[in-house]
Every structure is written in structure tokens, then in C-alpha cells.
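Pasting the sequence and the predicted coordinates here, then a few questions.
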Amino acid sequence: MGIILYKEPELKDPVMIVGWPGIGNIGLIAVNTLRKATEAEEFGEIEGWDFFFPKKVIIKTGLLENLEFPTNKFYFKRLEKNDLIFFIGEEQPKKQSASGYAEGEEAYRMANLVLNVAEKFGCKRIYTSGAAVTIIHHTMKSRVWAVPNTERLLKETKRYPNTVFMSQVEGRGGQGFISGLNGLLLGVAKKRGFDGVCLMGEIPVYFQGLLIPYPKASKSVLEVFGEVLGIKIDFDKFDKNYQVMEKKIEDIYNQIPSEVKEQLEKLKEISYLRQAELEPLSDENRKRLWDEISEFLKKEDRRDEEAI
């Protein structure tokens with residue numbers, strides 16, 4: 001059990017880009033879109049037996065044939081600027097986790113197996129991607145929060161378009177935390193000598209509890225990847241693919257009670273002016289807004305349970 005490689009391509013100074021599901025599937029959508037845009041070829045996988053419960057049992061002609069587990073696949077693409085290796089996991093291992101985030105022995109072993117492949121093919125740089133939950137309005141363009149794992153990357157990362165360091169985001173007091181494998185992999189990469197950057201697209205706090213994609217943030221992350229890696233991405237196609245989801249997001253927003261929505265509408269002005277010297281929301285107002293949003297989301301969850 002472990003890594004299976006179908007082939008061993010010859011790659012020159014490859015960069016590894018990693019994507020897993022998470023809040024809004026922001027990182028997964030971004031990385032998978034980039035993989036498809038480059039027409040990367042599958043060349044290996046991590047077997048799921050040790051990390052996941054089966055998704056389903058496969059039966060053919062009346063006979064139980066196999067168990068199907070979440071997939072964890074490697075892809076490669078040779079390019080002029082940088083060869084690429086993609087790792088895309090269908091699920092994060094969390095069998096030992098009560099929090100719902102990837103942690104514990106399985107997550108740690110998964111991170112090291114991914115990095116074993118990076119090491120085998122000579123990767124020096126690892127990118128992960130996920131969600132940055134924050135106080136913004138959903139009509140605004142999502143910024144990208146960046147967390148490099150070495151000081152030598154600070155200067156380079158600062159030049160990325162539409163990007164801020166997580167520690168410099170308003171109201172965070174110079175601190176930050178990355179949950180799940182996106183953060184764990186970056187930390188393990190640092191210990192093993194890999195440079196790494198996590199790129200996180202902003203998602204409004206009032207959508208974090210809903211199990212729907214948030215493509216606006218994925219698009220912002222993709223724009224950074226495209227610039228950094230020199231890859232042209234068809235954003236017209238991307239927008240067309242996700243226009244139904246954008247409408248669904250707007251429909252959900254319109255169901256929010258008017259008294260809560262009045263507070264959320266104030267975020268538009270904050271979002272428009274956040275590049276200026278604008279004082280952020282006070283801790284008291286931030287807490288009150290979050291409490292109201294949380295209560296709305298709880299009501300939505302109860303409605304869904306009743307419907308079921």
C-alpha cells in the first residue's frame with residue numbers, strides 16, 4: 001500500500017501544485033482547472049486503503065468485485081517555464097479527527113507520501129491552495145492570502161497580483177492559522193527542505209458553512225497561478241462553467257433576513273475602500289455580525305434537516 005507510479009516521466013525543475021476539497025472547494029477548483037488548462041497527464045496515485053473508508057462497493061454481474069475509495073492522483077506537464085506536477089485528492093484523510101479537518105497520523109503520512117513524489121522528481125517548490133474566511137461582501141473580488149514557508153519567498157510573494165500576506169490582513173494582529181492538509185503539508189515541506197506557498201482565496205464568512213463551491217475565490221487564486229507560472233487560462237470558459245453557481249449564491253444571499261443583510265451591505269463599502277486608510281470593523285461589531293450570521297446559518301441547517 002502507498003504510492004503507485006504508472007510511469008516515471010523525465011521532468012526539469014518541476015513545481016508541485018496540490019489541491020484538496022475544503023471550504024467552498026476553492027483550492028480544489030483552482031488546481032483542477034489549472035490541471036485541465038495544461039492538459040496534464042496522469043502518472044500515479046496514492047492508494048486509499050490506509051487513509052479512507054470506502055465510498056461504495058462495486059458489484060458486476062451479481063458478484064461483489066471491489067471497494068471504491070476516494071482517489072488521490074498525480075499528473076505531470078512539461079512546459080517551457082516550469083514543468084509541473086499536480087496532486088489532486090478527492091478527500092482529506094480525517095479518520096482520527098473530531099474537528100472535521102485533516103489531522104493525526106493519516107494526514108501526516110499522506111503529506112509525507114505526497115512529498116516523497118515531489119522529492120523523487122526533483123521539485124523545489126510546493127504550492128497549496130484553500131479558503132480564507134473573512135469579512136467581505138460576496139459581490140467583491142476576492143483577494144488571495146499568501147503564506148510562504150521560508151523568508152526568502154517573502155519578497156517574491158509580495159509581487160504576486162491581488163495578494164496580501166495572511167499576517168497583514170486587517171484585524172488578525174499579525175497572526176494566522178491554516179487548517180487541514182494545506183497547512184500541514186506546507187509545514188512538513190519546510191521541515192524536509194522544500195520551499196512552499198499556500199494561496200487562499202477570500203470567501204465571505206456568511207458562506208463558509210454552506211456546502212457549495214465559491215468560484216469567485218478560485219478565480220482569484222487561478223489568476224495568481226497563471227501569472228506566477230506563465231500559464232494562459234481561459235477565464236471566459238471558467239465564468240461560463242460557474243455562472244449557475246454564481247446565481248445560486250445570489251439566491252441564497254437573498255434569503256438572508258433583512259436585518260442581517262443590512263449589516264452585510266455595509267461590507268460593500270469596506271471592500272471597495274479596503275486599499276485605502278480605512279479603519280476596520282471593531283471587534284464588537286465583528287462579533288455581533290458573526291453571531292447574527294451564525295444564527296441564520298443554523299436556521300438554514302435546521303430547515304434542511306426538516307426537509308430531509
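That came through fine.

Quote the end-to-end distance of stretch 66-78.
34 Å (CA to CA, to the nearest Å).

Mean confidence (pLDDT) on it, please.
For stretch 66-78, mean pLDDT is 90.

For that stretch, which outside residues touch it?
Residues lying outside stretch 66-78 but in contact with it, judged by CB atoms under 8 Å, 6 or more residues apart in numbering, are 5, 9, 11-12, 14, 35, 38-49, 51-52, 54-58, 83-91, 110, 117, 121. Placement of C-beta: from N, CA and C, glycine included.

Let me know the pLDDT of Asp291.
pLDDT recorded at Asp291 is 65.

should've said Gln263
Per-residue confidence at Gln263 stands at 77 (pLDDT).

count of neighbours near Leu199?
Per other CB atoms under 10 Å, the neighbour tally for Leu199 reads 29.

Okay, and which of the contacts of stretch 66-78 map to helices?
Those of these mapping onto helices are 35, 38, 110, 117, per DSSP state H.

need the contact list for the last one.
Going by CB under 8 Å, 6+ apart, Val117 touches 3, 5, 16, 44, 74, 85, 87.

count of neighbours near the last one?
With neighbours defined by other CB under 10 Å, the count for Phe87 comes to 27.

got the contact list for Asn32?
Asn32 makes contact with 19, 88, according to CB under 8 Å, 6+ apart.

Would you mind giving me the confidence score for it?
96.

Check the gap between it and Glu202 for me.
19 Å (CB to CB, to the nearest Å).

quick one: which of the contacts of Val117 is nearest Arg143?
Nearest to Arg143 among the contacts of Val117: Met16, at 24.0 Å, using CB to CB.

secondary structure element for that closest one?
Per DSSP states H and E: Met16 is located in strand 15-19.

do Glu119 as well
With DSSP H and E as criterion, Glu119 is part of helix 104-120.

State the mean pLDDT of that helix.
92.

which is the next helix or strand following it?
strand 125-134.

Convert that following strand to CSV, retaining C-alpha atoms only.
Extracted in CSV, the C-alpha atoms of strand 125-134 (Å, rounded to 0.1, in the frame of the first residue of the first chain):
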residue,chain,number,x,y,z
ARG,A,125,8.7,24.4,-4.8
ILE,A,126,5.3,23.3,-3.4
TYR,A,127,2.0,25.3,-3.8
THR,A,128,-1.1,24.5,-1.8
SER,A,129,-4.4,26.3,-2.0
GLY,A,130,-7.5,26.8,0.0
ALA,A,131,-10.0,29.2,1.5
ALA,A,132,-9.6,32.4,3.6
VAL,A,133,-12.8,33.0,5.6
THR,A,134,-13.1,36.8,6.1
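
Nearest spatial neighbour of Asn72, chain-adjacent residues omitted?
Ile46 (4.1 Å; CB to CB, 6 or more residues apart in numbering).

quick one: that neighbour and Ile3 touch, right?
Yes. Ile46 lies in contact with Ile3 (CB atoms under 8 Å); the separation is 5.8 Å.
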